[in-house]
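In: give the three-dimensional model of this entry:
(chains A, B, C, D and E, ligands or ions: 4)
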Amino acid sequence: MGNDPIFIDESQNYIHEPIGKVMLRKYMKNKLAVIGAVLLIVIIGCAVFAPIIAPADPSKQVLVDKLSPPGEKYVLGADNLGRDTLSRLLYGARVSLLVGFVSVAGSIFIGTVIGAVAGYYGGKLDAVLMRFVDAVISFPSLFLLITLVTIFEPSLMTLIGVFAIFGWTGTARLVRGEFLSLRSAEFVLAARTLGIRNVRIIFSHILPNAMGPIIVSATLGIGGVILGEAALSYLGLGIQPPTPSWGNMLQSAQNPQIMLGAWWYPLFPGFMILITVLAFNFVGDGLRDAFDPKISE
Amino acid sequence: MGSTSFLEPIQQKKISDSREQETLLEVRNLKMHFPVKAGIIQRTVGHVKAVDDISFTVKKGETLGIVGESGCGKSTMGRTLIRLYEPTDGSVLFGGTDITKLPEKELRPLIRRKIQMIFQDPYASLNPRKSLGNLLNEPMKVHGLYGNQKERDEKIKELLEVVGLHSSAINHYPHEFSGGQRQRIGIARSLVLNPELIIADEAVSALDVSIQAQIINLLEDLQEEFNLTYIFISHDLSVVRHIADRVGVMYLGKMAELADKDDLYKEPLHPYTQALLSAVPAIRSKGAKNRERIVLKGDIPSAVNQPSGCVFHTRCPMKMKVCETVPPQFQEARPGHFVACHLYD
Amino acid sequence: ACSDGEVTVKGEEKEGSQSETAGKLMLGTTAAPTLFNPYYSTDTSSSTLEGFMFSGLVTVDQDFNPEGDLAESWEFSEDGLKWTFHLRENVKWHDGEPFSADDVVFSYGIPLDEDYVGPRGLPFEIIEEINKVDEHTVEFVLSEPYAPFITITAQFEVLPKHILGDVPIADLGKHKFNTKEPIGTGPFKFKEWKEGEYIELAANEDYFLGKPKLGGIIYKIVPDMNTLMAQLEVGDINMTSISPQYIETANKLEEKGKVVVSSGPANAFEYIGYNLRNELFQDKKVRQALTHAIDKESIVTAILDGAGTVADGPGSPANWAFNPDMPKFDYDPELAKKMLKEAGWEPNSEGILEKDGKKFEFVLKTTSANEVRQQIAEVAQQQFKEIGIKTTIEVLEWSAYVEQTSPPNWNFDAMVAGWSIGSDPDPTWFWHSSEIENGLNYNGYANEKVDALLSENTKVSDLGERKAIIAEADGIVAEDQPNTFLYYVEGSLANSPNLHGPSYNASNTYYNLHEWYIE
Amino acid sequence: MTTYIVRRTLMAIPLLFIITIISFIMMQMAPGDPTALMMDPMIKQENLVAYKEAYGLNDNVIVQYVRWLGNMVTGNFGESLIRQGVPVSALIVARLPNTLILMLVSSIIAFLISIPLGVISATKRNSLTDYSITFVSFLGIATPNFWIGLVLIMFLSVHMGWFPTGGVSTLGEPFSIWDRIHHLILPAFVLATADMAGLTRYSRSSMLDVLRQDYIRTAKANGFRNKTVIFKHGLRNGLIPIITILGLMLPSFIGGSVIIESIFAWPGIGLLFVEAAFQRDYPVIMAVVVIAAALVVIGNLIADILYAMFDPRIEY
Amino acid sequence: MTSLLEVRNLKTHFKKGKRVVKAVDGIDFEIRKGETVALVGESGCGKSMTSLSIMGLVPSPAGKIKDGQILLNGVDLANSPEKKMYKVRGNDIAMIFQEPMTSLNPVLTIGDQLMSVITYHLKLSKKQAEIKAVEMLDLVGFSDPKKLLKDYPHRLSGGMRQRVMIAMAMSCNPQLLIADEPTTALDVTIQAQVLELMKELSMKFSTSILLITHDLGVVSELAERVIVMYAGKIVEIASIDDIFDSPLHPYTVGLINSVPKIDGEIGRLQAIKGNVPAPGAEIRGCKFASRCDKVFDRCTQEMPALSLMDDTRSVRCFLYEEVGVE
Ligand SMILES: Nc1ncnc2c1ncn2[C@@H]1O[C@H](COP(=O)(O)OP(=O)(O)OP(=O)(O)O)[C@@H](O)[C@H]1O
Ligand SMILES: Nc1ncnc2c1ncn2[C@@H]1O[C@H](COP(=O)(O)OP(=O)(O)OP(=O)(O)O)[C@@H](O)[C@H]1O
Ligand SMILES: [Mg+2]
Ligand SMILES: [Mg+2]
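Out: Ligands and ions are numbered 1, 2, ... in the order given. As a prediction, the model looks like this:
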């Protein structure tokens, strides 16, 4: 060996600590993030178990009970068609979260692929792709949404698709930025000198390291989509009835009669949107810290 | 670039002949120019001549040290040698094959295996999301070495031992190691494909002195054991003196001087080398007289707007008229001692 | 900022901030007008404003009775083919030029011109000739007797020939007259169009029925209905029509004494229309059963807050031709199920009706432009579900909705929709089989008997006779139920208490506008 | 500088080109056409067909696009299909200033409120103040704009009578700055809320970043008081990344203006767009899209110039 | 020579979750007027924290001076209020940092930054401050100081920036200059210029310098006395000659032997085995014990004291215990 034996570090007792554990610990330090996570779990639980928890069929109308205040019969009151608000909220969570998750997953996927290719290969390809991204971004989002929603037949899938198509640009920029800096990181150069192919470098070496910002933008994006759905509902272009979503519940309450006379009715969906967006933002903040290697514990 | 001197032609020929056989790497007129983008719209306003017409050879089993100040193009040269950058011009012959023009496919079994690199930053050069085992296993797998996983595991264990790490470390992630340990991992990884040439770019600069010494010793041991050839890039003249057989001094993308280490340190020819050596703060022993220090005036010019003539003339204490206009040739001023300076024309 | 004698008590409340708007009718609306030319505009806002600025030969009173406007009197020949109008003599255009028969000949000739590119061709098709008899007499020769001629065609406003006479007809639609300088003979003159904000009209001192008592009209555009209600409450507007969702709010304001609300039957009905091209709906019995499944009563009370009357067939109680004795298919889900069973529809294991392996399911379309219809769709969906019919709701943005449901696509199974009838009750548009191809008979409804009756109805000039014919036709349609007729719309109007004149009526909201005043 | 602006503007041309193509294709894909408005028993189908023919709506998409582009290049946006005879440019000219002023004021409000909040949050990191500001700004993020708008109108305008209920000025009043401002406050504030929250977060993290920098340590080592360190040495650096955000915020401002303009009866181009989109008034839609995109481009240009003004490291 | 700065039993600790990192773990030393003292040791041993503690700039709330006194001319800085420290920093004690590239504010001109310090501490008018600034820049070797005042830092090279930093630090005539790795980021030829300058200035103004570095060469060039730290503790204090000729502590010995020499060949470097203990690790006994080749039982049991060998010399090691007790 010709190697000084003293160099073998016998005393080294490597404390094996997986990255996940380190990140979890960093995450747990952020109190708001923990609160956010708990809230999210509760909300997701509500959505998943809505059929079990919900006291009534969310589309069951008792027209005579229209706009009943919260009380014994309707815990959180009834809506303008006499449907149980609590049940609709629970089922609405399914739709709002589904739209949020799926469309963000879609936009993250598109954005990541485009951003990764642009960032890693750079040059002309990058320039062309980024011009395209610029074009889409310069198109004010709500305009784009309105146009898209009028083009496609409204349905849950359309809405999801529309949000995915509109949301990917941010991710693409972000991922491109990450890739641009990571592609000249020493560990990537190292991988290249070892003869590892580009595709593998992109997906197996760089992507896992860019995951932090991506996940953070995803969590923030979900909140954004839930709000976007509410805004579209305002323009009458949201989720198709009778499916409840928080956005269309809120929308159906924008009427002075209801806002002043049945204030509780908009309050609950509004509150749910608030809580959920808050939770996602807190979680995003926590994840940002957890993923950022520069932020020490 | 050979010598243009007419003195002792026979002897010189002999030397180069005898060296020819052992030559592992030959660099001819290598150039690497980067476009410089400026302003918010990033248009090209010029070129950084990061490596500008450099030629040298590396013999099998030797250590060639490359020194120079920050930004003089050391890293760029190292990276260009293994085609991390596509060279602007020139050729690099490895074992007789010009590797500058090979397609990536042919490059892989040849260069990507036989030439390896150790990077400066032990923190940045290891993928933080891959375990040690994974880091070492992947290259072997990609190159299809050692038929099965078991053999590869064997090899990994062996390597860890060679670089002085405990084999229990295999499942750990880079963040769990200290700087010195990480650099050992980096070294282990560079060895995993049984390379012939290793380019070490500032391999010890980021380490604390006491750890630095460990790594230097390790590198020396490995060279002996595996008959490795090193190109050792560093800005630390003391370290280079310690480890190298021959030393090249770079200034602004050009090779200013290249010689056997003893020649170079004892009798530097180029005024820049002289100044550089004298500027190194040295531990002086009790009563020892201060060495005479040549303090250079001014800053290193930018690599974009290189001075005309000899690039060093703006700071050179021995500047002559000719230096301002005519770039000096890189030539053999003494046997085996190359220098680019008009003083030795 | 003038503060002449017009300033009233109201003006002091806000320290003169009302001075400019005092004495003016401030109408609030969510939709902006497009242009002021009755031969080219089709939207309600434009028509309303056209009514303020222009006059037609005749107009209608609050009960759809024709009344002279520019024409002092008129008569028609025995065979109903020749109509003669005697025009007023003291009429002046807003620019001071005298009005004459030439203007009438010119105006009514516009849609007949072959270069005419505009939407208003139909009511003029029956005109064969327009003749100027003298300066103040005009004569129309029709190709066949046409009862609605007086209430539809003759109501079209007259344009000034001295301004537009030389304009090529092809360019008339784009002429700056329409948007920048409309000149009419009506009680109010165009003053200003502030893009996206309001249109201001000034009183026409020389109006032939006397100077209007209102100082002017400001037609304000407030896109959001909630904001509109807020403006009504604080007095930024003093009159607006109220849609059913806001009727409660308006009533509250009335309680507070901030507005006066007047309501009445509107000349319109709402329905769920079935596409008879679809196999599902070809059986009359099935359609009747579907109607039995819908609880119209609840819809009216819950969704409309009572602002409507349950409908059994087409027409409207606001209309003189209305037939109150139509076959009724009252809410009775059990009966509905029974009838469907008789028609061969049996519930399957999931409780959904099935016949020959085909499920009873369809798409119910409506538009996002109308919130009430959306809610009705939701209620209908629920009630259909109760008898084992599965419906999917599609709420479409207006343009898409129109394109899909109208010829030649007819891409719908069923839709929640409604029709406004117009000042003539002729139902030909909706039910005559000739209207299937290209017209408003979207259902594809065809009944020979109805066709015959409807062809007859426009040819008789006696009102009583005509009413009987229309009533019979409507009765047959109600029996056939190509639609589930839901309710007759009730219209509402809110205005500030100091505005005198307005009261809701289906026929002519702004009847006698020049007599309105603000105290 | 001038050459820079010119070059940037030239560079924006392909961008606008892509945008117009995308918009045109999307528009053509949207079902329905301007005649959808004309649902009236007295309208003859043949009339509609003739109408479509007259306006070239039956032509091939490419023909339509090229025609439109040809006009556009000569600065002619064409005429509205719905408001026949009205040049689109007249509509834009009437509406654009309203939108611009709304955006300008609301971005000023957003900046004036959120930057100090962000700075306070950053300097008092993890304190109760920080948490409260964080919470409130998330509240802002999570509350839909239209909701805030309606509630404020109901309470501040109707109930309290403090603000007008909408519009850009009091009807019939002679022009008065105060009156304009009075009308502007609510809509501008509501439009600002959405971005205010985000901005606060950005300025917080930007300031946190800056406060970690070496030169802050230098300033402290030089004995400057905390306030001096934060405001003289920190703030300007902290603002630099926020300027970029300003550019990125513009699209959302323009988008958000659709809803605000509708609620506050504010006749801007957002509202014009919605109307036109629902009516399929193609020339107007295209014009607004081009204007909006141009605004974004200009906004980014201004952001870049500001950036260079604030950051001496950037040179043209 | 009287002592200018006296540090007594300084402890600066960091809270890291539940663990406490004892960055500076009870150190004592003094700096006399006009003297240049070097503080050496490996990365993370607490050099910077020592200097920041003196400046009262320990990053809070994580870090805190737990104990000890820092006496500047007999006045305790460790326990004086922040307000008072404003007057000390930049005025009595000035500091320059390792990173010349980032230590100047990029958006302010050199003149802004330099003159604001001068006006603030010396209470000079703007005009006078400008004269002073020009004078200082001239002193650190700029040929056109007037023009430089209007320049932004990014136009300057690393060496120039470090000279500006020095000018700024010296402008208020401090009694003590703390230089935390002032040349580490610089190239050798530039480093030579800066070292030369510092030497000159300290002579001229007889300013005391606390020089922090890990480069023994730099120490040898500049310092008169050397303090060697290891893991938060001082292990040896000696004069410059003693430390290189006869280092006492095994760590000091190892440190010197592991550095390759530029002039003089060593066959093989004498590396110190193992690693620096992780920050926050609880170690009983001598912290260097695990890496020491002269280790014996006692070393792992108890912590040796810093014992005074003679006037100028102290060491913390049991090998020398009998010689003298603190
Ligand atoms: N990818 C690149 N693009 C543009 N310029 C580059 C690039 N890489 C290096 N350069 C420039 O080339 C010159 C040489 O850089 P290089 O990193 O090779 O220097 P070096 O000698 O390794 O310096 P150091 O000691 O600081 O590592 C520098 O001026 C640098 O700015
Ligand atoms: N902000 C901080 N939070 C927690 N621990 C810290 C912090 N700053 C420093 N430390 C710890 O204090 C110890 C001493 O740090 P210090 O910066 O003084 O070392 P140093 O000797 O200056 O090292 P270097 O040569 O790398 O500058 C280190 O172990 C480090 O982990
Ligand atoms: Mg380098
Ligand atoms: Mg330090």
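In: quickly note the distance from the residue of the stretch 151-297 of chain A found nearest ligand 1 to B:Ile54.
Out: The nearest approach of the stretch 151-297 of chain A to ligand 1 comes at A:Ser184, 6.8 Å away (CB to the nearest ligand atom). All C-beta spots, glycine's among them, are computed from the backbone N, C-alpha and C. Going from A:Ser184 to B:Ile54 by CB to CB, to the nearest Å gives 22 Å.
In: now do C:Asn498
Out: 95 Å.
In: again with B:Val67
Out: B:Val67 is 14 Å from B:Ile54, by CB to CB.
In: for C:Phe430, same thing?
Out: C:Phe430 sits 90 Å away from B:Ile54, going by CB to CB.
In: then C:Leu453?
Out: With CB to CB as the criterion, C:Leu453 and B:Ile54 are 102 Å apart.
In: and E:Asn91, by the same measure?
Out: Taken as CB to CB, the span from E:Asn91 to B:Ile54 is 51 Å.
In: kindly report the same for A:Arg192.
Out: A:Arg192 is 22 Å from B:Ile54, by CB to CB.
In: who's more crowded, those two?
Out: B:Ile54 (24 against 21; other CB atoms under 10 Å in any protein chain shown).
In: for the more buried one, what are its contacts?
Out: B:27, B:29-31, B:77, B:90, B:250, B:253-255 (CB atoms under 8 Å, 6 or more residues apart in numbering or on different chains).
In: in CSV, list these along with secondary structure, distance to chain D and neighbour count.
Out: CSV is the format used below for those (DSSP: H, G, I helix; E, B strand; the rest coil; distance: CB to the nearest CB, whole Å; neighbours: other CB atoms under 10 Å in any protein chain shown):
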residue, secondary structure, distance to chain D, neighbour count
B:Val27, strand, 36, 24
B:Asn29, strand, 34, 13
B:Leu30, strand, 32, 23
B:Lys31, strand, 28, 16
B:Met77, helix, 29, 28
B:Gly90, strand, 33, 19
B:Met250, strand, 28, 24
B:Gly253, coil, 24, 25
B:Lys254, strand, 28, 23
B:Met255, strand, 33, 28
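In: closest to chain E among the residues you listed?
Out: B:Met250 (12.3 Å; CB to the nearest CB).
In: got the contact list for the residue nearest to that closest one when sequence neighbours are not counted?
Out: Nearest non-adjacent residue to B:Met250, counting by CB to CB, 6 or more residues apart in numbering or on different chains: B:Gly68, 3.5 Å away. Contact analysis of B:Gly68 by CB under 8 Å, 6+ apart lists B:74, B:235, B:249-251.
In: need the pLDDT of B:Gly68.
Out: For B:Gly68, the pLDDT comes out at 90.
In: chain center to stretch D:161-168, what's the gap?
Out: Relative to the chain's own centre, stretch D:161-168 is displaced by 21 Å; criterion: CA atoms, centre = their mean, to the nearest Å.
In: what's the mean pLDDT across that stretch?
Out: For stretch D:161-168, the per-residue pLDDT averages 84.
In: is it anywhere near chain C?
Out: Yes - for stretch D:161-168 and chain C, the contact criterion (CB under 8 Å from any CB of the partner chain) is met by D:161, D:164-168.
In: select only the buried ones of the residues you listed in ChimeraX?
Out: To isolate the buried ones among the residues of stretch D:161-168 next to chain C in ChimeraX, judged by 16 or more other CB atoms under 10 Å in any protein chain shown, type:
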select /D:164,165,166,167,168
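In: tell me which of the residues of stretch D:161-168 next to chain C is nearest to chain B?
Out: Nearest to chain B among the residues of stretch D:161-168 next to chain C, with distances taken as CB to the nearest CB, is D:Val168, at 36.0 Å.
In: E:Val88 versus that closest one, what's the distance?
Out: Distance from D:Val168 to E:Val88, by CB to CB: 58 Å.
In: do B:Ser55 as well
Out: Counting by CB to CB - B:Ser55 and E:Val88 are separated by 58 Å.
In: name the surrounding residues that touch the lowest-mean-pLDDT helix or strand in chain D.
Out: Every helix and strand in chain D was compared by mean pLDDT, DSSP states H and E; the lowest is helix D:45-54, with a mean of 74. Here helix D:45-54 makes contact (CB under 8 Å, 6+ apart) with C:117-122, C:170, C:407, C:438-439, D:33, D:35, D:38, D:58.
In: ok, 6 Å please
Out: C:117, C:119, C:121, C:438, D:35, D:58 (CB atoms under 6 Å, 6 or more residues apart in numbering or on different chains).
In: please apply the same query to stretch E:195-212.
Out: B:295, E:4, E:31, E:33-39, E:47, E:51, E:140, E:170, E:176-181, E:221-223.
In: again, but for stretch A:124-137
Out: Under CB under 6 Å, 6+ apart, the answer for stretch A:124-137 is A:114, A:118, A:169, A:172, D:15, D:18-19.
In: try stretch C:382-394
Out: Here stretch C:382-394 has contacts from A:61, A:240-241, C:293-294, C:333, C:336-337, C:347, C:351-353, C:360-365, C:377, C:381, using CB under 6 Å, 6+ apart.
In: what is the end-to-end distance of that stretch?
Out: In stretch C:382-394, first residue to last residue: 14 Å (CA to CA, to the nearest Å).
In: many thanks, have a good one.
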